[in-house]
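Asker: Generate a structure from the sequence data that follows.
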Amino acid sequence: MTNKPFPLIVDVWANPSHAIIPEVRRLFEQSHSDPKLARKLSPEEIIALMDEAGVSQICLAAWNRPGSTIVSNEDVAEYTRAFPNRIFGLVSVNLHNPVAAVKELDHYVRNEGFKGLRVVPWLWNLPPTDAHYWPLYVKCIELDVPFCTQVGHTGPLCPSEVGRPIPYIDEIALKFPDLKIICGHLGYPWAAETVAVAWKHANVYIDTSAWSPKYYDPAFIQFANTTGRKKVMFGTNFPQLTWKACVDNMYKTHGSGRPGTMRAEVLDDFMGGNARRVLKLPDWKAPGSKSNL
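Answerer: Below you'll find the predicted structure:
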C-alpha cells in the first residue's frame with residue numbers, strides 16, 4: 001500500500017470497470033485509459049487496486065442508459081456485500097420510468113445500504129430541471145442521500161448543454177434546498193459557474209472526477225483553499241483514470257505550498273473527510289493502522 005500522508009482517501013465517483021458504454025469508449029481512448037481494466041474485475045481485484053493506491057473507500061455506481069441497463073444495481077451490490085465498509089453503491093435508474101425508478105432507489109438505499117443516486121444528464125439528454133428527476137429528488141431528501149450528477153461538457157459525442165451548472169444546478173438547488181447535490185467532473189468549461197453555485201447554495205458540493213489533479217481548474221483550487229474547503233471532494237471516474245495515478249499526482253502537485261495548488265491544511269477534508277460526512281460513510285480501520293478511518 002502507498003505510504004499516504006492522508007488519513008483517509010475516498011473516491012466519490014468510480015465505475016465498474018466493465019461499464020463501457022458506446023458513448024464512453026471514445027473518451028477512454030482519448031484519456032489513454034488502461035485497456036487491461038476494460039473487463040469485469042472481481043471485488044478482490046478492485047480492493048487490490050485501491051490498496052495499491054492507498055484508497056480507503058469508494059462509491060461505485062450502476063449504469064442505466066435509455067433502453068438498456070449496462071451494469072445493474074444488483075451487479076454493484078455484489079461488490080458492496082463483499083466489502084461493506086470499503087465499497088458503497090450509488091443507485092442508477094431508468095429515468096424514463098420515474099415510478100419504478102423511485103422504488104428502485106428506495107430499495108437499494110434502505111435494504112442494501114447504497115449511499116446516493118447518480119444520474120448522468122447527457123445520457124438522457126434531459127437537464128436536471130426536467131420533471132423526470134423531481135420524484136427522485138423528493139425520495140433522496142426523504143432517504144437523506146445525495147443526488148450525484150455530471151456537470152460540464154461531455155467528452156463523449158453527446159450534447160453538452162444539459163451539463164451547465166447555471167441555470168440547471170442553480171435552479172434545482174433553489175427548488176430543493178434540502179437536496180444534497182454533488183456535482184462531478186468540475187464543470188469545465190464552466191468551472192467558475194460550478195464554483196459560484198456551490199458557493200451560493202449550502203446543499204451543493206463539487207467533486208473532481210475525470211480530471212487528473214495536475215489539471216484542476218484554478219477557480220476550483222481557489223474555492224477549495226478558501227470558502228469551499230468543506231464543499232469539495234476527491235473523485236477519479238475510475239477506470240478512465242486509475243486510483244494510483246490520481247493519488248500519485250495529488251502527492252506531486254498539491255500540498256507543497258506552491259502557488260496555484262491546494263493547501264496542505266485543506267487536503268484531509270478534500271481527500272475524504274467531506275465525502276465521509278456528506279455520504280455518511282462508516283469507519284474503516286486499515287490492517288495495521290492505529291487510527292480509525
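
Asker: Poorly predicted segments of the chain, please.
Answerer: Within the chain, the ranges that satisfy pLDDT under 70 run 1-6, 20-35, 37-38, 285-293.

Asker: can you pull out the strands in it?
Answerer: Using DSSP state E, the strands found in the chain span residues 10-14, 57-61, 63-65, 68-71, 87-91, 116-119, 147-150, 181-184, 204-207, 232-233.

Asker: Let's have those strands in TSV, adding mean neighbour count and distance to W134.
Answerer: In this view, the C-beta of every residue, glycine as well, is placed from N, C-alpha and C. Shown next, in TSV, are the strands of the chain (neighbours: other C-beta atoms under 10 Å; distance: least, C-beta to C-beta, whole Å):
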stretch	mean neighbour count	distance to W134
strand 10-14	29	23
strand 57-61	27	21
strand 63-65	22	18
strand 68-71	16	22
strand 87-91	26	16
strand 116-119	25	12
strand 147-150	25	11
strand 181-184	27	14
strand 204-207	26	17
strand 232-233	28	25
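
Asker: Looking at those, which is nearest to P239?
Answerer: strand 10-14 (8.2 Å; C-beta to C-beta).

Asker: hmm, back to that, redo the strands of the chain as JSON lines? Include distance to G272.
Answerer: Formatted as JSON lines, these follow (distance: least, C-beta to C-beta, whole Å):
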{"stretch": "strand 10-14", "distance to G272": "4"}
{"stretch": "strand 57-61", "distance to G272": "7"}
{"stretch": "strand 63-65", "distance to G272": "24"}
{"stretch": "strand 68-71", "distance to G272": "25"}
{"stretch": "strand 87-91", "distance to G272": "13"}
{"stretch": "strand 116-119", "distance to G272": "16"}
{"stretch": "strand 147-150", "distance to G272": "16"}
{"stretch": "strand 181-184", "distance to G272": "14"}
{"stretch": "strand 204-207", "distance to G272": "12"}
{"stretch": "strand 232-233", "distance to G272": "8"}
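
Asker: Which of these sits closest to Y168?
Answerer: That would be strand 147-150 among the strands of the chain, by C-beta to C-beta, at 9.0 Å.

Asker: nearest to A191, of the strands of the chain?
Answerer: strand 204-207 (8.8 Å).

Asker: Just the C-alpha atoms of the closest one, please, in CSV.
Answerer: Extracted C-alpha coordinates of strand 204-207, given in CSV (Å, rounded to 0.1, in the frame of the first residue of the first chain):
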residue,chain,number,x,y,z
VAL,A,204,-24.2,21.9,-3.4
TYR,A,205,-20.8,20.2,-3.5
ILE,A,206,-18.1,19.6,-6.2
ASP,A,207,-16.1,16.5,-7.0
